[in-house]
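K.L.:
quick one: sequence plus predicted model below, questions after.
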Amino acid sequence: MDVEKHELQQKAEFWISKNGICQDMETSIMKYAKLRLQKGRDVDIEHLLHILPSTLGKSIKEHICFPLLKKVPLFQNMDEGVYRTICEFLKPVIYSEKSYIIREGEPLDMVLFITQGVVWTFGSNTSLTNRLQKGDYYGNELIEWRFNSISYNNFPLSIANVKSQTKVEAFALMEIELKHVLYICWPKFYKYNKTNESISGSMNYFAAASLQRGFRRFIKNKKAQENKGQENKTRENEHSIHVNS
């Protein structure tokens with residue numbers, strides 16, 4: 001057990017160091033990891049965010065991802081509430097060395113935010129060759145398309161192959177999750193892009209769709225409450241009949 005604890009500590013300290021985790025979070029991570037180990041439960045450092053308590057995991061994800069999100073032109077100058085919402089939809093992903101992540105000509109259905117490792121992007125045109133590493137992202141075309149489109153016409157295709165040179169750790173924002181972000185945060189995006197007719201038009205669509213979804217949710221909850229009330233009333237009547245008989 002002592003050897004296992006030592007190995008765990010070394011791996012955890014390396015993960016904490018390479019991700020620039022602050023001391024308060026480091027203390028909480030190590031405390032939880034050791035406690036989990038003492039209970040005989042697995043501690044997978046590579047998938048640490050999956051096993052940490054939700055509040056701690058959320059704080060760590062925000063610490064790592066906020067600086068990355070602020071590099072995206074259409075995400076800049078937003079308040080922290082928007083970044084927190086986006087972070088809720090980001091999924092941690094790991095790619096082994098020399099793995100194709102996206103191929104040229106395939107639908108570009110995610111934005112990739114790189115937190116560790118090196119990625120090459122290249123296409124049939126050698127001028128497209130580029131090297132991405134920690135702090136970079138790929139898929140801005142998807143964000144621009146979604147901000148300017150309310151349908152799936154002209155869905156963007158990747159203009160390059162995206163391949164890991166080393167093992168890569170990243171966060172992925174899928175197209176469907178980006179759409180959910182816009183349903184939730186459209187007022188903020190509208191505020192900062194209202195002079196852009198194309199984007200403001202799309203935000204009007206998301207505003208209307210968001211209101212419709214909210215209204216349907218309200219009707220559904222109202223019907224559920226009415227049905228519950230009717231069920232309770234029926235039980236009370238059956239109980240009264242039973243007592244009187």
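P.N.:
Now that the structure is in, tell me what you want to look at.
K.L.:
just the strands in this structure please.
P.N.:
Using DSSP state E, the strands of the chain run over 91-95, 100-102, 110-116, 118-122, 130-133, 137-138, 161-164, 168-174.
K.L.:
between the ones you listed, which one is nearest to His63?
P.N.:
With Cβ to Cβ as the measure, strand 110-116 is the member of the strands of the chain nearest His63 (11.0 Å). For glycine as for every other residue, the C-beta is placed from the backbone atoms N, C-alpha and C.
K.L.:
what's the mean pLDDT across the closest one?
P.N.:
For strand 110-116, mean pLDDT is 97.
K.L.:
how about stretch 46-60?
P.N.:
85.
K.L.:
also stretch 92-99?
P.N.:
pLDDT averaged over stretch 92-99 gives 96.
K.L.:
pull out the buried positions in it.
P.N.:
Pro92, Tyr95 (16 or more other Cβ atoms under 10 Å).
K.L.:
how long is it end to end?
P.N.:
The first and final residues of stretch 92-99 sit 16 Å from each other (Cα to Cα, to the nearest Å).
K.L.:
distance between it and the chain's centre?
P.N.:
Taking the mean of its C-alpha atoms, stretch 92-99 sits 17 Å from the chain's own mean (Cα atoms, centre = their mean, to the nearest Å).
K.L.:
contact partners of it?
P.N.:
Residues lying outside stretch 92-99 but in contact with it, judged by Cβ atoms under 8 Å, 6 or more residues apart in numbering, are 46-47, 49-50, 61, 101, 112, 117, 163-172.
K.L.:
buried ones among the residues you listed?
P.N.:
For those, a burial check counting by 16+ other Cβ under 10 Å picks out Leu49, Lys61, Ile101, Leu112, Gly117, Lys163, Ser164, Val168, Glu169, Ala170, Phe171, Ala172.
K.L.:
who's in contact with the residue nearest to the spatial centre of the chain?
P.N.:
Nearest to the mean C-alpha position of the chain, by Cα atoms, centre = their mean, lies Leu90 at 1.4 Å. Residues in contact with Leu90 (Cβ under 8 Å, 6+ apart) are Lys61, Cys65, Phe113, Phe171, Ala172, Leu173, Glu177.
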